[in-house]
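# sequence and predicted structure below; questions after.
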Amino acid sequence: MERDDANKMSAQEDLVPPIEFFAVDCSSSLSLPLAFAAISAGFPSAALDFDDIKIDLNKELIRHPTSTFFGRVQGDSMRDAGIGDGDLLVIDKSLDATDGKVAVCFIDGEFTVKRIKIEGKDIWLMPANDAYPPIKIADTNDFRIWGIVTYSIKKH
């Protein structure tokens, strides 16, 4: 192998993929207590009791297990939409891509997460961070909408 080829391969290995994908495993079930009353985000409310109500996050977050994947975000182009670096996305490939949906898209060999904007026959991928420009999809792009983001999970 020539030195230029080795340098190219080394540079490619150093690239970090923008989204790391994981398959969904719904074979397990873990029901956790759900607070009986709403939790106030304004003024404090009376103490909450935990009732016998249980919630299973697999059932809550995953409607179509065979077409749902998780993806970990790398980057900040969607920060103003509440999606940040390191967040875990729940992505459903069975949902229709419509105007305004947040989607994981494949464009010219790379994955990205953006809001879809449809204007007539034009498709735009809209970031939620002014530091990034919108991307207009051209006929020359290798483009697919891979799946629709249904939830994002972040660590606090």
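Thanks, I have it.

# who are the neighbours in contact with Cys26?
If you count contacts by CB atoms under 8 Å, 6 or more residues apart in numbering, Cys26 has them with Asn58, Ile62, Pro65. Using the backbone N, CA and C atoms, a C-beta is placed for each residue, glycine as well.

# actually Ile83, not the one I typed
Ile83 makes contacts with Val73, Leu89, Val102, Val113, Ala128, Val149, Ser152, as judged by CB under 8 Å, 6+ apart.

# which of the contacts of Cys26 fall in strands?
Using DSSP state E to define strands, no part of the contacts of Cys26 is located there.

# quick one: which of these has the most company?
Counting neighbours by other CB atoms under 10 Å, the top entry in the contacts of Cys26 is Ile62, with 20 neighbours.

# now that one, nearest residue through space, not along the chain?
Using CB to CB, 6 or more residues apart in numbering and skipping residues adjacent in sequence, the residue nearest Ile62 is Thr68, 5.0 Å away.

# can you count the residues close to that neighbour?
21.

# okay, it: pLDDT?
Thr68 is assigned a predicted lDDT (pLDDT) of 93.

# and for Asp14?
In this prediction, Asp14 has a pLDDT value of 47.

# my read: Cys105 touches Ile148, true?
No. Contact status for Cys105 versus Ile148: not in contact, 10.3 Å apart, counting by CB atoms under 8 Å.

# so where's the chain uncertain?
Confidence mapping of the chain against pLDDT under 70 gives the ranges 1-18, 30-52.

# all strands for it, in order.
For the chain, applying DSSP E gives strands covering 19-23, 31-35, 50-56, 68-73, 88-92, 102-107, 110-119, 122-126, 135-136, 143-153.

# centre-most residue in this structure?
Nearest to the mean C-alpha position of the chain, by CA atoms, centre = their mean, lies Leu89 at 3.4 Å.

# show me what contacts it?
Contacts of Leu89 were listed using CB under 8 Å, 6+ apart, and they are Ile19, Phe70, Gly71, Arg72, Val73, Ile83, Val104, Val113, Val149, Tyr151, Ser152, Ile153.
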